[in-house]
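Peer 1: Provided below are the primary sequence and the corresponding predicted coordinates.
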Amino acid sequence: MRAAIEAARAGLNVAVVTKIYPVRSHSVAAQGGINAALKETDSWEAHMFDTIKGSDYLGDQDAIEALCKEAPSDIMELERMGAIFSRDAHGHIAQRPFGGAGYPRTCYLADRTGHSLLHVMFEQLMKHGIYVYDEWHVVKLVAEDNISKGVIAIELSTGKLHRLHSKATIIATGGYGRVYKTTTNALSSTGDGMALALNAGVDLMDMEFVQFHPTVLPRTGILMTEGARGEGGFLLNSKGERFMEKYAPKVKELASRDVVSRAEQTEIEEGRGVNGCVLLDLRHLGAKKINERLSQIKDLAINFSGVNPIEEPVPVKPGAHYSMGGIATDNDGGTKVTGLFAAGEAACVSVHGANRLGGNSLLETIVFGRRAGLKAAQFCKDAKLYPFPDRFLKDASQEVAVIYERENGESIFKIRNEMNDAMEAHCGIFRDRDRLTKGYDKIKELKERFKKVSLTDKNDNYNNELLHIFEVGQMLDISEAILVGAINRQESRGSHYRRDFPKRDDENWLKHTLIYKDGEEFKIRYRDVRVTKFKPEERKY
């Protein structure tokens, strides 16, 4: 939406295509906040250093500089648009500490920040008269001779396929958390844009780096914001020990998410967990503070775990949360396909490297959404509108027809469940070659079975089973890309921890993984990380 607004401001004819209603986008679940160096005692350089250190030095430093330099002005613009933020005693935007940050720079609205910003963006979408193709699912990016010409999308209410012809296309479809069994992500977070780009000839970058959030509710995967620890919450094991003192003695619970997640998993595996969890203790914060600043997670804990955090600790565990990897782009969202751009979690600029800091994801959507929208607008002013090739619509229609006509094939739901189990078991927080290879073999098996998938529901209107088929096909490609990158990266860095290669190896692996398709085969190439101001050093928390 931020990209669409910027393109509309430049005078372009803009539309948003979305498989769900815009305010149901998963950004609505972002609780903790959005980062910016607003205070005189803070600086964009300090924000930049924290982000680079948090990335385990895999982030491209020129992109990170742009993110941190432009953050304050983008926050001010959000406020002018109507975004509401919590306030400090002086009436300024309140900021809380977050993991991996050397200064409290996370702006927030209680624990509902994403909800607030998403609705502001939607208001701006309406203000600028941007047309929304609501509940339309893109099934194919149309790119010919390395030039983007639009998309093919299915209108879910009718089952009809449509051509959407454009000079430029921006992918802003978010992450792929649903490839895992336990995830904070919404049901719609199925990596659609990444897989579509991969199949259109674009590289995916750093897909092996999957962030696990340390505090999610068991069974549901619902997020307990990092803001809970930012406000002073503790993590306890079954012995009542504040165990992060052992793993990150200086910052404890506010170490980077990869450090905290590994610490929790170690406590659980070594027998100091509580029914496969650790405990998030907020009781010492008091009812007033919890009700003012953490009211949503209080309600979520009560409703989904039966635990009131004012009275007792909440059982939590790590869960798949965020994709540091994505569509390889330049600093303005451009890809190797002319006229095709990407922004947000679907893209990999790369500002997060091997591990994202909390509060930087909402910021990335705003900064690089704006940049991608502006660059796409500039591109369109001089670009030609190429003819839309008819064969793409014919091919898409044929693919859908084959699925409808197939009888007694594979169940898409069984394939999806087996994929979730395989990724959870073989490509989680702790990895090794044997485990990753078993996961890879399973995904390859599922991809063969997917070719025989069939429908039990043959209706055209709102056929959710057909939508699941599109999504699972894309998630299988995403899963393979993650596993291929993880098997080949023989080091531990950020969220990618190899027990058979437990050390970070800057000499051989200070480089980005680029995955592309050659026919049906996934291939890898690498490119160097752009280092400008801060040389790699050991991360200490």
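Peer 2: That came through fine. All of these numbers come straight from a predicted model, not from anything done at the bench. Numbers count the residues shown, from 1 in each chain.

Peer 1: Gln124: what's it in contact with?
Peer 2: Gln124 makes contacts with Met1, Ile5, Met81, as judged by CB atoms under 8 Å, 6 or more residues apart in numbering. C-beta coordinates here come from the backbone N, C-alpha and C atoms, glycine included.

Peer 1: Any of these buried? List them.
Peer 2: Neighbour counting by 16 or more other CB atoms under 10 Å classes Met1, Ile5 among the contacts of Gln124 as buried.

Peer 1: Now intersect the contacts of Gln124 with the helices, please.
Peer 2: Within the contacts of Gln124, residues falling in helices by DSSP state H are Ile5, Met81.

Peer 1: for the chain, longest helix please?
Peer 2: Longest helix in the chain by number of residues (criterion: DSSP H): helix 464-488.

Peer 1: Now do the same contact list for the residue lying farthest from the centre of the chain.
Peer 2: Centroid-distance maximum for the chain: Glu407 at 36.0 Å, with CA atoms, centre = their mean. By CB under 8 Å, 6+ apart, the residues touching Glu407 are Ser454.

Peer 1: related to what we said a few turns ago, name the residues of the longest helix of the chain that are buried.
Peer 2: Going by neighbour count (16+ other CB under 10 Å), the buried part of helix 464-488 is 465-487.

Peer 1: other SSEs contacting that helix?
Peer 2: strand 136-144, helix 192-199, helix 390-405, helix 412-426, helix 433-450, strand 511-518, strand 521-528 (3 or more CB pairs under 8 Å, 6 or more residues apart in numbering; DSSP states H and E).

Peer 1: quick one: average confidence on that helix?
Peer 2: If you average the pLDDT over helix 464-488, you get 98.

Peer 1: just stretch 409-427 next, same as before
Peer 2: Averaged across stretch 409-427, the pLDDT comes to 97.

Peer 1: Other residues contacting that stretch?
Peer 2: 178-182, 210, 435-436, 438-440, 442-443, 446, 449-450, 452-454, 465, 468-469, 472, 475-476, 479, 482-483, 486.

Peer 1: What are the buried residues along that stretch?
Peer 2: When burial is assessed from 16+ other CB under 10 Å, stretch 409-427 yields the following buried residues: Glu410, Ile412, Ile415, Arg416, Met419, Asn420, Ala422, Met423, Glu424, His426, Cys427.

Peer 1: how about these in TSV, adding distance to Ser188?
Peer 2: Below are the buried residues of stretch 409-427 laid out as TSV (distance: CB to CB, whole Å):
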residue	distance to Ser188
Glu410	23
Ile412	16
Ile415	18
Arg416	14
Met419	17
Asn420	15
Ala422	21
Met423	18
Glu424	20
His426	25
Cys427	22
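
Peer 1: buried sites along stretch 520-536?
Peer 2: For stretch 520-536, burial by neighbour count (16+ other CB under 10 Å) applies to Phe522, Val529, Phe534.

Peer 1: Ser479 is in contact with the first one, correct?
Peer 2: No. Here Phe522 lies out of contact with Ser479, judged by CB atoms under 8 Å, at a distance of 10.9 Å.

Peer 1: Tell me, please, the helix or strand in the chain that averages the lowest pLDDT.
Peer 2: helix 227-230 (a mean of 92; mean pLDDT, DSSP states H and E).

Peer 1: Would you mind writing the CA trace of that helix as CSV?
Peer 2: The C-alpha coordinates for helix 227-230 follow below in CSV (Å, rounded to 0.1, in the frame of the first residue of the first chain):
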residue,chain,number,x,y,z
GLY,A,227,7.7,-5.5,23.5
ALA,A,228,6.9,-7.6,26.5
ARG,A,229,10.6,-8.1,27.1
GLY,A,230,11.3,-4.5,26.1
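
Peer 1: Can you verify Val132 is assigned to a strand?
Peer 2: Yes. Counting by DSSP: H, G, I helix; E, B strand; the rest coil, Val132 is found in a strand.

Peer 1: in the sheet, who's paired with it?
Peer 2: When bridges are called by DSSP bridges, Val132 pairs up with Val16.

Peer 1: Within its local environment, how many residues does it see?
Peer 2: Neighbouring residues of Val132 were enumerated by other CB atoms under 10 Å; the total is 17.

Peer 1: Please look at it and Ala15 and confirm they touch.
Peer 2: Yes. Judged on CB under 8 Å, Val132 makes contact with Ala15 at a distance of 7.1 Å.

Peer 1: That concludes my questions; thank you for your assistance.
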